[in-house]
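1. compute the structure for the input listed below.
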Amino acid sequence: MTAIKELKAVARPRAGKGAAREERRAGRVPAVIYGEKKEPVTISLNHKDLTRIIYAGHFLTTLFELDVDGTKYRVIPRDYQLDPVKDLPLHVDFLRVSQGARITVEVPVHFVNQDASPGIKTGGTLNVVAHAVELECPADAIPDHIEADLTGLDIGDNVHLSNIKLPAGVTSAVHGDDTLATLMAPSGLKEAQADEAAAAAAATKA
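-> Alright, predicted model coming up:
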């Protein structure tokens, strides 16, 4: 589970593109805090600190206690923009999160126990359909990831979200049962099966 991290910011009294450019020239990243039917709060954060936190991973699934000039906000990042050339942060949207709130987040899927899959042992390939899934969970208990166990998986088998035991209080945020991965046959086996099918079809015509 992700822990609440502290992050400092300063109030940014002016909004707009011109003010945002001034903040970036000063080595800061413009951002906004919104949600809970309250007025948005425009802020800015230290560029180096924010870049380090983003590239450390799990940024969009981490709760922050954002200290804005002494006023503290409990927030979670909902979106951020990166410079398309330099890959450096340009802007961040933070959502206010009240105590006990439930939120929807995208959580990575880790596929484990590949060595216990008969299909993979015989040369099959795991075709990953979804590297992450949308889950609804308590804001203070966001999973870092969920695990899909491949034990016993054979050629042609699928891994569905319903196959995964989710942590307490966590549910799927999507309708239906998502397919997360499929175990595909080795390419050589596929070619052999195609040749057999072609031979059987030719024999039937003869």
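2. next, the buried residues of the host helix or strand of T51.
-> Per DSSP states H and E: T51 is located in helix 47-55. By neighbour count on 16 or more other CB atoms under 10 Å, the buried set for helix 47-55 is 47, 50-51, 53-54. The way it works is simple: take the backbone N, C-alpha and C, and place the C-beta from them, glycine included.
3. kindly report the same for stretch 17-34.
-> Result for stretch 17-34 [16+ other CB under 10 Å]: buried residues 20, 23-24, 28-34.
4. show me which pair in these is furthest apart.
-> In the buried residues of stretch 17-34, the most distant members under the criterion CB to CB are R24 and Y34, with 20.5 Å between them.
5. domains of the chain?
-> 5-97, 103-205 (automatic domain parsing).
6. if you average pLDDT over each of those domains, which is lowest?
-> Mean pLDDT values for those show the minimum at domain 103-205, a mean of 86.
7. re earlier: could you tell me which of the buried residues of stretch 17-34 are located in helices?
-> Of the buried residues of stretch 17-34, the ones assigned to helices by DSSP state H are 20, 23-24.
8. can you tell me which of these is nearest E106?
-> A20 (26.2 Å).
9. for the spatially closest residue to L63 that is not a sequence neighbour, give me its contacts.
-> Nearest non-adjacent residue to L63, counting by CB to CB, 6 or more residues apart in numbering: I4, 4.5 Å away. Applying CB atoms under 8 Å, 6 or more residues apart in numbering to I4 gives the contacts 63-65, 74, 140.
10. and those as TSV, adding distance to Q99, secondary structure and neighbour count?
-> Formatted as TSV, these follow (distance: CB to CB, whole Å; DSSP: H, G, I helix; E, B strand; the rest coil; neighbours: other CB atoms under 10 Å):
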residue	distance to Q99	secondary structure	neighbour count
L63	11	coil	20
F64	15	strand	20
E65	12	strand	13
R74	8	strand	18
D140	8	coil	16
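11. tell me which element A3 falls in.
-> Per DSSP H and E, there is no helix or strand for A3.
12. how many neighbours does it have?
-> A count of nearby residues for A3, using other CB atoms under 10 Å, gives 8.
13. what about it, distance to N158?
-> Taking CB to CB, to the nearest Å as the measure, A3 falls 34 Å from N158.
14. check R78 too.
-> 31 Å.
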